[in-house]
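# I'll drop the sequence and a predicted model, then ask my questions.
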Amino acid sequence: FAMCRTAPHVVPALLSPTWNAELGVWAGDRAASAVDVPSPLWIFGYGSLCWKNDEILHTERFVGRAAGWRRVFAQRSMDHRGTPGRPGLVATMITDAQHTAMLDLPPGEDGEWATGVCGVCYRISDEHAAEVLDALDFREKGGYMRALVDVTPSDKARATVRALLYTATPENPNFDSSAVKDMAAAAQVIAHTTGPSGPNSDYLFALAQFLEEQGERDAHVERLAE
């Protein structure tokens, strides 16, 4: 593992967030957090940051995998790929245990879902850490929180790193567990919603293309994109 210490002079996320139900975001327009920011700072992106490489200031990046997690389109989006009146659905990461419990399956019996999430890890310089975190905290205000995850690079010559992750857990108000259980209905939501960041379907198809280019199989994404 790469050495990890707390990054200095970074903007804190919300430690005790309250919910703005009208807008579908955390009050204060920031992501939630209860974790220290690692230094060197790596950010793990598993949604739009997989293909929007120019939207985050970074010094290097690599494709890698976070084991023990699942990517699901279960987070209602009212500020990016939908609106408060017609929310879209975007990706979040939940743990294997959360996924199994959500589908009410015995442990180990959801084998069609490959464990682990493929995404892109970005190294952020100390100089730009506060700026990048401030922008990401605002961007992920729609129910997300900071967490830490170990990311193993696809390039076996590189070491595993501890990275900062923005995840929307099943406990946040915008999480829609029915989108995991009824994927046909979720696909219809994605096909017919749009928001300030563009059509919900563009988000899904761009992610599917990224995974295909990496030679990665993600049953959840593939089924939605059919």
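Structure's in. What do you need? Numbers count the residues shown, from 1 in each chain.

# what mean pLDDT does stretch 121-141 get?
Here stretch 121-141 scores 93 as its mean pLDDT.

# to clarify, my last question referred to stretch 35-55.
Mean pLDDT, stretch 35-55: 92.

# do stretch 86-94 as well
The pLDDT scores in stretch 86-94 average 96.

# extract the CA atoms of it and return them as CSV.
C-alpha atoms of stretch 86-94 as CSV (Å, rounded to 0.1, in the frame of the first residue of the first chain):
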residue,chain,number,x,y,z
ARG,A,86,-38.4,14.2,-12.4
PRO,A,87,-35.3,12.7,-10.8
GLY,A,88,-32.9,10.6,-12.9
LEU,A,89,-30.8,7.7,-11.7
VAL,A,90,-27.0,7.8,-11.4
ALA,A,91,-24.3,5.4,-10.1
THR,A,92,-23.3,4.9,-6.5
MET,A,93,-21.1,2.3,-4.9
ILE,A,94,-22.4,0.0,-2.1
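
# other residues contacting it?
Stretch 86-94 is contacted from outside by 24, 46-47, 66, 69-78, 80-82, 102, 117, 144, 149, 165, 167-170, 174-176, 179, 186, 189-190, 193-195, 200, 203, 207, using C-beta atoms under 8 Å, 6 or more residues apart in numbering. C-beta coordinates here come from the backbone N, C-alpha and C atoms, glycine included.

# which of these are buried?
Those of those that meet the buried threshold are 24, 46-47, 66, 69-78, 80-82, 102, 117, 144, 149, 165, 167-170, 174-176, 179, 186, 189-190, 193, 195, 200, 203, 207, by 16 or more other C-beta atoms under 10 Å.

# what's downstream of the lowest-mean-pLDDT helix or strand in the chain, the next helix or strand?
Every helix and strand in the chain was compared by mean pLDDT, DSSP states H and E; the lowest is strand 5-6, with a mean of 39. Remark: after strand 5-6, the chain's next helix or strand is strand 19-20, criterion DSSP states H and E.
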